[in-house]
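Colleague: Sequence plus predicted model, see below.
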Amino acid sequence: MEAIYLDHAATTPMDKEVIDAMYPVYQEIFGNPSSVHSFGRKARRHLDEARRIMAKSINANEKEITFTSGGTEADNLALLGTALANREKGNHIITTVQEHHAALHTAEYLEKEGFQVTYLPVYEDGMISIDDLQEALQDDTILVSVMYVNNETGIIQPIEEIGKLLKEHKAYFHTDAVQAYGLLDIDVKALGIDMLSVSAHKINGPKGVGFLYIADDVKINALQFGGEQERKRRPGTENVVSIVGFKKAVELAMERKEERRKSYQTFKDLFTDVLKENDVRFEINGNPQSQISSIVNISFPGTNVEQLLTNFDLDGIAASSGSACTAGSVEPSHVLSAMYGENNPCTTNSIRFSFGSFNTEENVREAAERVAKIIKRLTK
């Protein structure tokens, strides 16, 4: 029986072209990019080229790209770094109840440090309200952090409208774009984004590397202490080999963006169509019209997450109950609880299916057929 991977929102397989780009670096480029000799300069050229490619992908300047160990560190640096650096300007931060835990737990930590944090609600469509944000803004608001695409529901937030609203306000605007990058067109200047987090392993790149775009005028503190790498914002010798792989993944993502968007939407539509053909009872969480092409979050009445994931895995289907970072937990989804209320059954009977490069129409159809059989058996 073929194992079928429907959990690309958790992580993606590395593209062969990415591996091929990294291999020579493992063999030949061992110099420290901070060294002035030829070995160091050779490594530095790889970093500089990667920074240019990543900056171009979001219409930024290469000096505005800071390499990190991934999306979590990028979110931490954005929230903690700007909060601590701008405390004399204000003490108020706005985020949402449905953020990834990398941002949510950072905001909770900042509360303990004396910052006032407002958590905007999300509604049944999975979106925040611009009116709620406008109402929450204060004179002493220094940061607004709203994720671009929710990692559990795939709902795209009103980023452009947020940027417009904050244009005349001193607050910095940060967005976690980990699920959006590589599928949506992102222009940080046009959208009014001051900071943006990206992770390589969500776009068929290596794990353990990402970047934080930091606009040139953003005042931010480093969270670690050491050398003067990354314009003194992130000390430590850069992970050259992974950054080269990341660069290749970015090039492929930009080149294939439209093609991927269309094929992932085809997979998602096919998957739900097959469930309907098999008379499976299900509901899509959030507004499907506001959803990214790669993610669908489905509630199966009369089931529970543990039961579903165990049976799916036994039948060779890899899916998730939401964020991979909480996949070992059986607690109700904090995102779905925010949308529908803590006691709503969908908080404990919903599965996230996410599509990507390991999928074909054939294996998506086969996966949906298997899922349909399991649901029918469990709800008999």
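Modeller: Looks like it came in fine. Everything numeric here is computed off the predicted structure, so don't read it as measured data. Numbering: from 1, shown residues only.
Colleague: Show me the shaky parts of the stretch 151-300 of the chain.
Modeller: Within the stretch 151-300 of the chain, no stretch has pLDDT under 70.
Colleague: any chance you could map the helices in it?
Modeller: Using DSSP state H, counting those that start in this stretch, the helices of the stretch 151-300 of the chain run over 159-166, 188-191, 240-255, 257-277.
Colleague: how about the shortest one: buried residues?
Modeller: Taking 16 or more other CB atoms under 10 Å as the neighbour-count basis, helix 188-191 is seen to contain the buried residues 188, 191. C-beta coordinates here come from the backbone N, C-alpha and C atoms, glycine included.
Colleague: tell me the contacts of residue 364?
Modeller: Applying CB atoms under 8 Å, 6 or more residues apart in numbering, we find residue 364 in contact with 4, 6, 267, 270-271, 355.
Colleague: which of those residues lies closest to residue 42?
Modeller: Nearest to residue 42 out of those is residue 355 (CB to CB; 38.7 Å).
Colleague: Can you tell me the closest non-neighbouring residue to that closest one?
Modeller: The shortest distance from residue 355 to any non-neighbouring residue, by CB to CB, 6 or more residues apart in numbering, is to residue 267 (4.2 Å).
Colleague: Which strand or helix spans residue 13?
Modeller: If you go by DSSP states H and E, residue 13 is not part of any helix or strand.
Colleague: how about the strands in the stretch 251-380 of the chain?
Modeller: 283-284, 295-299, 317-318, 350-354 (DSSP state E, counting those that start in this stretch).
Colleague: How far off centre is the last one?
Modeller: For strand 350-354, the gap between its own C-alpha mean and the chain's C-alpha mean amounts to 15 Å (CA atoms, centre = their mean, to the nearest Å).
Colleague: Check the first one too.
Modeller: For strand 283-284, the gap between its own C-alpha mean and the chain's C-alpha mean amounts to 22 Å (CA atoms, centre = their mean).
Colleague: How about stretch 104-113?
Modeller: Chain-centre distance of stretch 104-113: 20 Å, with CA atoms, centre = their mean.
Colleague: Mind checking the pLDDT average for it?
Modeller: Average pLDDT, stretch 104-113: 98.
Colleague: Any chance you could list what contacts it?
Modeller: 75-76, 79-80, 83, 93, 95, 97, 99, 117, 119, 145, 334.
Colleague: could you dump those to TSV with pLDDT and distance to residue 203?
Modeller: TSV is the format used below for the contacts of stretch 104-113 (pLDDT from 0 to 100; distance: CB to CB, whole Å):
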residue	pLDDT	distance to residue 203
75	98	17
76	98	20
79	98	23
80	98	25
83	98	28
93	98	28
95	98	24
97	98	27
99	98	20
117	98	30
119	98	29
145	98	21
334	94	25
